[in-house]
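Asks: structure for the following, please:
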Amino acid sequence: MTTPRVGVLALQGDVREHVRVLTDLGADVTKVRRPEELAGVDGLVLPGGESSVIDKLSRAFGMREPLRAAITAGMPVYGTCAGLILLADRITDGIEGQQTFGGLDVTVRRNAFGSQVDSFEVDLDIPALGEPAVHAVFIRAPLVEQAGAGVERLAALDDGRVVAVRQGSLLGTSFHPEMTGEHRFHALLLDMVRERAR
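Replies: Predicted coordinates:
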């Protein structure tokens, strides 16, 4: 197959880090801010940042409906932290009027672990990715509180709280693999892009 064409939604958040990881993996990467840029990619990363700000900007830039349509049509999408919130069908403790793009049959709680000072790191065993364990960084991270029957739980903390999920062509993590040199989730996204192109 030709080089996977993947976008990183570049309205707000840690865009540069995702671009670097995807480029290192050999993808053709585009920063996506407009519908025509979204139309030119076969997969998308929704980065960490502030979910309510990304939501507002997506509407201001005319991106909300094209994003929802792409997700509904089966475009592979990977959301980290705020990106996971934006993929969730349901959100608790969102700000007034906050919306998501939806697609993942999950309920996500924003800032489930507290504020920036409550950030932490932990090693997670994720069987779907094999060895070694994933070193996960949680920064004002969300949590998957409920997941529908079709949602695969990829990773959980020791207390059982779910922090990584997959459903069809959608992938979401509460944490930031792009900050620790962890490439396997992004590689999984590229695999899904290649699979869909067959």
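
Asks: now the longest helix belonging to the chain: average pLDDT?
Replies: For the chain, the helix that runs over the most residues, judged by DSSP state H, is helix 184-197. Averaging pLDDT along helix 184-197 gives 95.

Asks: send me that helix as PDB with only the CA atoms.
Replies: Only the C-alpha atoms of helix 184-197 are listed here, as PDB (Å, rounded to 0.1, in the frame of the first residue of the first chain):
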ATOM      1  CA  ARG A 184       2.500   1.400  19.400                       C
ATOM      2  CA  PHE A 185      -0.900   3.100  19.600                       C
ATOM      3  CA  HIS A 186      -0.100   5.300  16.700                       C
ATOM      4  CA  ALA A 187       1.200   2.200  14.800                       C
ATOM      5  CA  LEU A 188      -2.200   0.600  15.600                       C
ATOM      6  CA  LEU A 189      -4.000   3.600  14.000                       C
ATOM      7  CA  LEU A 190      -1.800   3.200  10.900                       C
ATOM      8  CA  ASP A 191      -2.600  -0.500  10.700                       C
ATOM      9  CA  MET A 192      -6.300   0.400  10.800                       C
ATOM     10  CA  VAL A 193      -5.800   2.900   8.000                       C
ATOM     11  CA  ARG A 194      -4.000   0.300   5.900                       C
ATOM     12  CA  GLU A 195      -6.700  -2.300   6.600                       C
ATOM     13  CA  ARG A 196      -9.500   0.000   5.600                       C
ATOM     14  CA  ALA A 197      -7.700   0.900   2.300                       C
END
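
Asks: show me which positions of it end up buried.
Replies: 185-190, 192-194 (16 or more other C-beta atoms under 10 Å). All C-beta atoms are positioned from the backbone trio N, CA, C, and that covers glycine.

Asks: who are the packing partners of it?
Replies: strand 5-9, helix 15-24, strand 43-46, strand 77-80, strand 170-173 (3 or more C-beta pairs under 8 Å, 6 or more residues apart in numbering; DSSP states H and E).

Asks: any chance of the ones you listed in CSV with distance to Phe120 as columns?
Replies: Below are the helices and strands packed on helix 184-197 laid out as CSV (distance: least, C-beta to C-beta, whole Å):
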stretch, distance to Phe120
strand 5-9, 25
helix 15-24, 19
strand 43-46, 22
strand 77-80, 16
strand 170-173, 15
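
Asks: let's have these in JSON lines, adding distance to Leu143, mean pLDDT and mean neighbour count.
Replies: Shown next, in JSON lines, are the helices and strands packed on helix 184-197 (distance: least, C-beta to C-beta, whole Å; pLDDT from 0 to 100; neighbours: other C-beta atoms under 10 Å):
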{"stretch": "strand 5-9", "distance to Leu143": "22", "mean pLDDT": "97", "mean neighbour count": "25"}
{"stretch": "helix 15-24", "distance to Leu143": "21", "mean pLDDT": "96", "mean neighbour count": "19"}
{"stretch": "strand 43-46", "distance to Leu143": "17", "mean pLDDT": "98", "mean neighbour count": "28"}
{"stretch": "strand 77-80", "distance to Leu143": "14", "mean pLDDT": "97", "mean neighbour count": "29"}
{"stretch": "strand 170-173", "distance to Leu143": "11", "mean pLDDT": "98", "mean neighbour count": "28"}
